[in-house]
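**Q** Sequence first, then the predicted structure:
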Amino acid sequence: MPQVILKSGRQKSLLRRHPWVFSGAVEKVEGDPGPGETVEVLSHEGEFLCRAAYSPSSQIALRAWTFDAGEEVGPEFFRSRLEQAIGFRAPFLKLSDGACRLVNAESDGLPGVIVDRYAGFLVGQFLSAGSERHRGEIVSQLFQMLSPVGVYERSDADVRLKEGLEPRSGHLLGEPPPPLLVIREKTCRFLVDIEHGQKTGFYLDQADNRAMLAGYAEGAEVLNGFSYTGGFAIHALKAGAGRVTNIDSSPAALALATRNRELNGIDERGLENIEGDVFQVLRRFRDSRRTFDLIVLDPPKFVESQSRLSRGSRGYKDINLLAFKLLRPGGVLFTFSCSGLVGPDLFQMIVAAAALDAGRNAQIIRVLTQGPDHPTALHFPEGAYLKGFICRAA
Ligand code: SAH
């Protein structure tokens, strides 16, 4: 097996079981491994550290598969990792029309591998050179274990380019998916387009937080910023919200939001969809003095890299400032950031600065994160990317 030897002292993070090694820590590559090939990683002193996938074009040159010198990275390895990940999700699997993440990459010991389940279908993403190399094995094992109706691939994420991989999507096994699947989430049902929707089709990480909104929704006039297909909106309306206004820049997402309203038996007067830029629409509402009882802000990742930190932080501050201006006295704000580089402390500082500039006193009444089907391995803090606050403004 090819070997990668690290520079002196650079084994520390692997010894703590963090799964990544950056290219700057590599001293020598022996045996000419190809992209995604399994290599043995050794310290400068020659001690075994892990078996990892090698990615020559990525800044993350190595992603550890196993820290156990006795464990081969073959079919048995993938079977046991997949069985464990799926076993942990047993409670989620009981509902035949439910949806959940089955494999959460590094945090489930399978770097680069994402598997989401939507009713009878599985959607896979293979985002690293190592996961790409073992894709066939992983897909066929999943098929045997879960007997899904079909397996579809959505490896069309930009991060693949960093790994030297082209984006790819398409039908892999079993039946091809219908144009729209129906999933159930608590009291709501949603249409999911796994071929063309964002990510793998739906933002499963927000499932618990959407359900949490129900507790604040009765009789409320709600603004749902960055609505996608209306997940938060439908939960609010099912829980008795007076009216919800969705804002999203994607017409396809809003078209599905309308169909989701119909699917859930909600009258058309309950939901207004505005196609546009949240920043601009909120400014317009501020200028026309429109106000709301409950506001949700669930923007896309504003901070993609360290160099975007201050610009992205300003984006979060701007939308939160506007939201505090639009909130009625006693109103509630659900505000999120899915930028891993914005930690919870920084996010709180941003939201606090926004409230201050809006002239509002506000409290955090609950801290939110991604759902339990998106676990974070303790030794992989990068896995905890989603943070949110429920704030009440005086
Ligand atoms: N809350 C949603 C998920 C939101 S994902 C849910 O529960 O399903 C972020 C959404 O923001 C995407 O639908 C994307 O189309 C939209 N978006 C991105 N930038 C935007 C902008 N500047 N203005 C409005 N919508 C935007």
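**A** Great, that's in hand.

**Q** neighbours around residue 15, how many?
**A** Neighbourhood size, residue 15 [other C-beta atoms under 10 Å]: 12. Backbone N, C-alpha and C define where each C-beta goes, glycine included.

**Q** Please disregard the earlier target; I meant residue 291.
**A** 15.

**Q** could you list every residue that touches it?
**A** Listed by C-beta atoms under 8 Å, 6 or more residues apart in numbering, the contact partners of residue 291 are 221, 326-328, 331.

**Q** List buried members of the residues you listed by neighbour count.
**A** Listed as buried from those are 221, 326-327, 331; burial here means 16 or more other C-beta atoms under 10 Å.

**Q** Do a quick rundown of the helices in the stretch 151-300 of the chain.
**A** Taking DSSP state H, counting those that start in this stretch as the test, the helices found in the stretch 151-300 of the chain are 159-162, 207-217, 231-238, 251-263, 278-287.

**Q** of all those helices, which gets the most neighbours per residue?
**A** helix 231-238 (a mean of 28; mean count of other C-beta atoms under 10 Å).

**Q** now for that helix, which elements pack on it?
**A** Counting by 3 or more C-beta pairs under 8 Å, 6 or more residues apart in numbering; DSSP states H and E, the packing neighbours recorded for helix 231-238 are strand 188-192, helix 207-217, strand 221-225, strand 243-248, helix 251-263.

**Q** now that helix against strand 243-248, angle please.
**A** Angle of helix 231-238 versus strand 243-248, following axes from the mean of the first three to the mean of the last three C-alpha atoms, to 10 degrees, is 170 degrees.

**Q** can you list contacts of helix 231-238?
**A** So helix 231-238 is contacted by 185-188, 190, 202-203, 206, 210-211, 213-214, 217, 220, 222, 224, 227, 244, 246, 257, 260-261, 264, 266, 270-271, 294, 296, 298, 334 (C-beta under 8 Å, 6+ apart).

**Q** Centroid-wise, who is the farthest residue in this protein?
**A** Relative to the C-alpha centroid of the chain, counting by C-alpha atoms, centre = their mean, residue 45 is the outermost residue, at 38.5 Å.

**Q** Please identify which of the helices and strands packed on helix 231-238 is closest to residue 361.
**A** Among those, the nearest to residue 361 by C-beta to C-beta is helix 207-217 (18.4 Å).

**Q** got the CA coordinates for the closest one in PDB?
**A** The C-alpha trace of helix 207-217 is given here as PDB (Å, rounded to 0.1, in the frame of the first residue of the first chain):
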ATOM      1  CA  ALA A 207     -36.600  19.500  10.400                       C
ATOM      2  CA  ASP A 208     -36.700  19.900  14.200                       C
ATOM      3  CA  ASN A 209     -36.400  23.700  14.000                       C
ATOM      4  CA  ARG A 210     -39.300  23.900  11.600                       C
ATOM      5  CA  ALA A 211     -41.400  21.800  14.000                       C
ATOM      6  CA  MET A 212     -40.300  24.200  16.800                       C
ATOM      7  CA  LEU A 213     -41.800  27.100  14.900                       C
ATOM      8  CA  ALA A 214     -45.300  25.600  15.400                       C
ATOM      9  CA  GLY A 215     -45.100  26.600  19.100                       C
ATOM     10  CA  TYR A 216     -45.000  30.300  18.200                       C
ATOM     11  CA  ALA A 217     -47.200  30.400  15.200                       C
END
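
**Q** from the middle of its chain, how far away would that helix be?
**A** Distance of helix 207-217 from its chain centroid, counting by C-alpha atoms, centre = their mean, to the nearest Å, is 18 Å.

**Q** follow-up on the earlier one: of all the buried ones among the contacts of residue 291, which comes closest to the ligand?
**A** Among those, residue 326 lies closest to the ligand (C-beta to the nearest ligand atom), at 15.4 Å.

**Q** Now do the contacts for the closest one.
**A** Neighbouring residues of residue 326 by C-beta under 8 Å, 6+ apart: 223, 282, 285-286, 290-292, 295.

**Q** Tell me which residues of the helix or strand bottoming out on mean pLDDT in the chain come out buried.
**A** Scoring the helices and strands of the chain by mean pLDDT, DSSP states H and E places helix 90-93 at the bottom, with a mean of 92. For helix 90-93, burial by neighbour count (16+ other C-beta under 10 Å) applies to residue 92.

**Q** do stretch 236-250 as well
**A** By neighbour count with 16+ other C-beta under 10 Å, stretch 236-250 contains the buried residues 236-239, 241-248, 250.

**Q** pLDDT on it, on average?
**A** Stretch 236-250 carries an average pLDDT of 98.
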